[in-house]
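*Asks:* my questions are about this predicted structure, shown below with the sequence.
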Amino acid sequence: MSEATFRQPAVSDGQTLWQMATDSQVLDVNTSYAYLLWCRDFAKTSLIAEIDGTPAGFVTGYLRPDEPEILMVWQVAVGAGFQQRGLAATMLDELAARCCVQGVETTVTEDNAPSNRLFTRFAERHGAELTRTALFTPELYPDGHDTEYLYRIGPLGPGAAARVPELAAAGIR
Ligand SMILES: CC(C)(COP(=O)(O)OP(=O)(O)OC[C@H]1O[C@@H](n2cnc3c(N)ncnc32)[C@H](O)[C@@H]1OP(=O)(O)O)[C@@H](O)C(=O)NCCC(=O)NCCS
């Protein structure tokens, strides 16, 4: 596989993110408007990966308003033809480094083994503790959604930021 390149998404990428989320057949697909808004307002804490000029994956995230040193990863998707080659892992490392955060959060449902593995391995790579607690249980939803377990990973070792020193020095907030 050719080398992946990473950049912040632009508003014009919103429809691509929506399409990748739809194609994943796993993610809760939000409105196309939500992805446009995300690309406008949370681009600095999100990432799109391209391989040979083709969108191959994305991560959307935000810095928690009450805990701005924590990156909340909202959605991760990798296109079917690019999976299980380390792209999602590399995107997470890259985004954590760009954001210079001390920790990462996400939520995972019990049945999502790839996602569980992705974040467990992320914690291992960064020498960080991973805690798992039920965050949103079915009775909170109007539609019988499965429990979303909160994964809190941190503190992150210096490895991620050290990989992109100029970004680590500058920060992106
Ligand atoms: C989850 C997802 C983003 C992983 O992308 P990816 O690029 O294939 O992941 P990576 O190649 O970086 O693999 C990361 C780890 O997960 C493991 N993994 C990836 N796909 C897996 C699968 N289908 N089953 C089990 N483990 C899997 C990898 O083996 C790797 O672990 P390792 O380092 O121990 O080998 C991708 O499967 C996807 O887009 N799924 C649909 C959307 C989704 O569920 N997103 C996550 C919730 S937000």
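*Replies:* Done, it's in. Model, not experiment: these values are computed from the prediction.

*Asks:* my read is that A4 contacts E50, right?
*Replies:* Yes - between A4 and E50 a contact is recorded at 6.8 Å, counting by CB atoms under 8 Å. All C-beta spots, glycine's among them, are computed from the backbone N, C-alpha and C.

*Asks:* give me the common contacts of the two.
*Replies:* Listed contacts common to A4 and E50 are A56; contacts here mean CB atoms under 8 Å, 6 or more residues apart in numbering.

*Asks:* for the residue of the chain positioned farthest from its centre, helix, strand, or coil?
*Replies:* Distance from the C-alpha centroid of the chain peaks at E139, with 26.0 Å (CA atoms, centre = their mean). Look at E139: counting by DSSP: H, G, I helix; E, B strand; the rest coil, its state is helix.

*Asks:* tell me the pLDDT at it?
*Replies:* Turning to E139, the model gives it a pLDDT of 97.

*Asks:* ok, now the one 5 residues further on?
*Replies:* Listed pLDDT for G144 reads 91.

*Asks:* same thing with A170?
*Replies:* For A170, the pLDDT comes out at 40.

*Asks:* same check on P155?
*Replies:* Looking at P155, its pLDDT reads 97.

*Asks:* try S2
*Replies:* S2 is assigned a pLDDT of 80 by the prediction.

*Asks:* distance of it from R85?
*Replies:* S2 is 11 Å from R85, where distance means CB to CB, to the nearest Å.

*Asks:* ok, now R132?
*Replies:* The spacing between R132 and R85, counted by CB to CB, is 26 Å.

*Asks:* likewise I70?
*Replies:* 28 Å.

*Asks:* quickly note the distance from E139 to L118.
*Replies:* Remark: distance between E139 and L118 (CB to CB) = 28 Å.

*Asks:* equivalent analysis for A96, please.
*Replies:* Relative to L118, A96 is positioned 13 Å away (CB to CB).

*Asks:* got the residues of this structure near the ligand?
*Replies:* Proximity of the chain to the ligand, by CB under 6 Å from any ligand atom, involves residues 24, 26-27, 75-78, 83-89, 112-115, 117-118, 121.

*Asks:* buried ones among those?
*Replies:* S24, L27, Q75, V76, A77, V78, L87, A88, A89, N112, S115, L118 (16 or more other CB atoms under 10 Å).
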